[in-house]
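Student: sequence and predicted structure, then a few things I'm wondering about:
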Amino acid sequence: MLLASVIVYLILTVALGVWASRRISGSRDFMLAGRSLPLLLSTSALFATWFGSETVFGASSEFLDGGLLAVIEDPFGAALCLFLFGALFARRLYAMNLLTLGDFFRARFGMRTELVASVFMVPSYFGYAGGQLVALGLILNIITGLPLWQGVVISASVVTLYTCVGGMWAISITDFVQTIVIVVGLVVLAVVVNEKAGGFFHVIDSAPPDTFRFYPEVTPSGVATYLAAWSVLGLGSIPSQDVFQRVMASGSARVAVRSCYYSSLLYLTIAMLPLFISLCAQQLYPEGNSTDTQLVLPAMVLAHTALPVQVLFFGALLSAVLSTTSSALLAPSAIVSENIVKPIMKGKLSDRALLRWTRTAIVVIGASSAAMACMKSNIYELVAESSIMSLVSLFVPMAAGMYWRKATTLGALLSMVAGIVVWAWFEWNPIGVPSLIPGLAASTIAMLVGSAIPYKRIANFADDENRITKA
């Protein structure tokens with residue numbers, strides 16, 4: 001019965017994608033749902049951006065091992081990203097009427113910077129999508145006994161199909177349905193395991209010491225690690241196409257801003273449920289805490305809950321991961337077609353051809369992410385690595401380009417290259433602090449130094465900036 005429910009759910013998801021494809025008349029509909037989403041759909045789409053494998057599987061596993069300090073990155077950093085995007089970036093970017101985030105770098109710094117930013121942006125999604133596919137493979141492995149790699153391949157095929165057919169319209173509509181399933185499924189499961197574990201206060205009081213400690217030890221390395229954890233998603237996902245396209249798909253600038261705030265609050269609230277459920281599971285079924293703590297929740301659900309709860313839980317899991325995976329495939333594909341292929345073709349690419357390129361890129365990126373998922377199975381690490389690349393290479397140029405009028409093309413290019421090079425160097429030669437910190441520092445210094453060197457500025461951007469500010 002459980003397996004049949006999963007199969008039906010996957011079929012319905014693909015069917016929704018096919019139905020949504022009827023609303024697609026061009027690349028703008030495919031990538032941004034025609035910039036027409038109402039507040040409810042926009043909020044659910046943003047909420048579902050990261051509510052996937054790292055929140056349910058990865059964060060729960062890290063929480064059991066290290067308490068709240070181990071999950072600062074997600075959900076707290078993720079919620080911070082949505083809030084900051086709404087407060088500082090959403091209104092200005094919406095007024096620019098862009099198709100991709102790469103278009104911002106072209107408008108602000110020129111085509112060369114657009115290409116470099118796009119080349120840095122696309123690879124970060126392979127690990128991100130790979131992490132989601134690992135989770136889908138784990139779900140199928142638990143339910144059917146299929147080897148992980150087979151589950152990954154099947155999952156990649158399904159999510160690639162409905163994303164390729166329906167684009168952002170499919171993502172938005174399925175996200176709305178999936179958000180309902182996620183919330184209902186996790187709430188029901190939390191209520192069930194809470195009663196079995198003796199009640200909320202008993203579970204909290206029985207948690208290991210320091211489980212709810214929120215601040216680090218006041219040492220240089222402790223503070224550095226803590227700030228880095230906040231920054232990985234909190235700042236690193238601001239210059240990401242998946243957040244950008246979900247915000248820009250909103251029906252108005254006001255909807256874009258409000259959906260960021262609402263989804264931030266919703267994300268932080270609902271993301272607490274898997275953490276609480278994992279505490280209940282650890283107390284009730286310590287034998288479930290086996291070699292892989294990523295499997296504590298699903299193993300506990302299968303062993304100790306009734307079929308209706310199992311269906312709800314695995315439905316919620318599938319909902320969460322499918323919605324995140326589809327976005328992780330569409331986002332880099334839009335960058336590839338709009339900001340890499342289109343400039344190379346020098347304006348000779350029709351809108352229909354651009355749409356074909358985007359769909360082709362979805363297939364290629366889906367296959368590549370599946371291959372990465374088969375090689376590495378730690379969900380939390382796969383997702384974290386993808387966001388760090390964006391943080392050290394793109395955050396400073398984006399923020400400076402938005403708010404510092406003296407930022408130049410040379411500064412932006414040097415900032416991107418310096419950030420990624422220094423980060424990579426300290427990844428291979430660690431110094432006791434997270435490598436993203438020297439990478440981000442190098443990106444900032446390079447922006448300041450590069451912008452101080454005389455260099456040709458992009459014409460007319462000052463006028464555009466005045467228009468954006470007034471909007």
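Tutor: Cool, got the structure. Everything numeric here is computed off the predicted structure, so don't read it as measured data. Numbering: from 1, shown residues only.
Student: for Arg23, what are its contacts?
Tutor: Listed by CB atoms under 8 Å, 6 or more residues apart in numbering, the contact set of Arg23 reads Asp29, Ala33, Gly34, Trp169. Every residue, glycine included, has its C-beta placed from N, CA and C.
Student: let me know the pLDDT of it.
Tutor: Per-residue confidence (pLDDT) for Arg23: 72.
Student: any idea how far it is from Leu329?
Tutor: Separation of Arg23 from Leu329 (CB to CB, to the nearest Å): 19 Å.
Student: on that earlier part again, can you redo the contacts of Arg23 as a markdown table with secondary structure, distance to Val116 and pLDDT?
Tutor: Formatted as a markdown table, the contacts of Arg23 follow (DSSP: H, G, I helix; E, B strand; the rest coil; distance: CB to CB, whole Å; pLDDT from 0 to 100):
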| residue | secondary structure | distance to Val116 | pLDDT |
| --- | --- | --- | --- |
| Asp29 | helix | 28 | 79 |
| Ala33 | helix | 28 | 77 |
| Gly34 | helix | 30 | 80 |
| Trp169 | helix | 31 | 77 |
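Student: identify the farthest-apart pair in these.
Tutor: Spatial extent of the contacts of Arg23 (CB to CB) is set by the pair Gly34 and Trp169 at 7.8 Å.
Student: who has more neighbours, those two?
Tutor: Trp169 (27 against 17; other CB atoms under 10 Å).
Student: where do the helices sit along the stretch 101-250 of the chain?
Tutor: Assignment of helices within the stretch 101-250 of the chain using DSSP state H, counting those that start in this stretch yields the ranges 101-109, 111-121, 124-144, 148-196, 200-205, 220-234, 241-248.
Student: tell me how far the longest one lies from the chain's centre.
Tutor: Between the centre of helix 148-196 and the centre of its host chain there is 14 Å, according to CA atoms, centre = their mean, to the nearest Å.
Student: try the fifth one
Tutor: Centroid displacement of helix 200-205 relative to its chain, using CA atoms, centre = their mean, is 32 Å.
Student: my guess is Phe244 meets Thr100, correct?
Tutor: Yes - using CB atoms under 8 Å, Phe244 makes contact with Thr100 at a distance of 7.1 Å.
Student: helix, strand, or coil at the residue most central in space within the chain?
Tutor: In the chain, the residue lying closest to the centroid (CA atoms, centre = their mean) is Trp50, at 4.2 Å. For Trp50, the secondary-structure state derived from DSSP: H, G, I helix; E, B strand; the rest coil is coil.
Student: how much space separates the nearest residue to it once chain neighbours are set aside from Pro209?
Tutor: In space, and not counting its chain neighbours, Trp50 is closest to Ala78: 4.7 Å by CB to CB, 6 or more residues apart in numbering. According to CB to CB, Ala78 stands 26 Å off from Pro209.
Student: which of these two has more neighbours?
Tutor: A count of neighbours by other CB under 10 Å puts Ala78 above the other of Ala78 and Pro209, at 27 against 7.
Student: my guess is that one meets Ile238, correct?
Tutor: No - the criterion here is CB under 8 Å, and Ala78 misses it with Ile238 at 11.3 Å.
Student: quick one: which helix or strand includes Ser363?
Tutor: For residue 363 the amino acid is Val, not Ser. Remark: Val363 resides in helix 351-375, with elements defined by DSSP states H and E.
Student: so, low pLDDT: which residues of the stretch 201-350 of the chain?
Tutor: The stretch 201-350 of the chain contains residues with pLDDT under 70 at 285-296, 304, 347.
Student: for it, which segments count as strands?
Tutor: Assigned strands in the stretch 201-350 of the chain: none (criterion: DSSP state E, counting those that start in this stretch).
Student: circling back to that earlier point, tell me who's in contact with the residue nearest to Trp50.
Tutor: Contacts of Ala78 (CB under 8 Å, 6+ apart): Thr49, Trp50, Thr55, Leu233, Gly234, Ser237, Tyr267, Ala271.
Student: after the helix or strand hosting it, next one along is what?
Tutor: Assigned by DSSP H and E, Ala78 belongs to helix 78-84. Note on helix 78-84: by DSSP H and E, the next helix or strand toward the C-terminus is helix 90-95.
Student: for stretch 439-458, give me every contacting residue.
Tutor: For stretch 439-458, the external contacting residues (CB under 8 Å, 6+ apart) are 107-110, 231, 388, 391-393, 395-397, 400, 404, 406-424, 426.
Student: of those, which belong to helices?
Tutor: Of the contacts of stretch 439-458, the ones assigned to helices by DSSP state H are 107-109, 231, 388, 396-397, 400, 409-424, 426.
Student: count of neighbours near Leu133?
Tutor: Neighbours of Leu133 using other CB under 10 Å come to 31.
Student: gap between it and Val153?
Tutor: In this view, Leu133 and Val153 are 9 Å apart by CB to CB.
Student: give me the neighbour count for Phe212.
Tutor: So Phe212, with other CB under 10 Å, has 11 neighbours.
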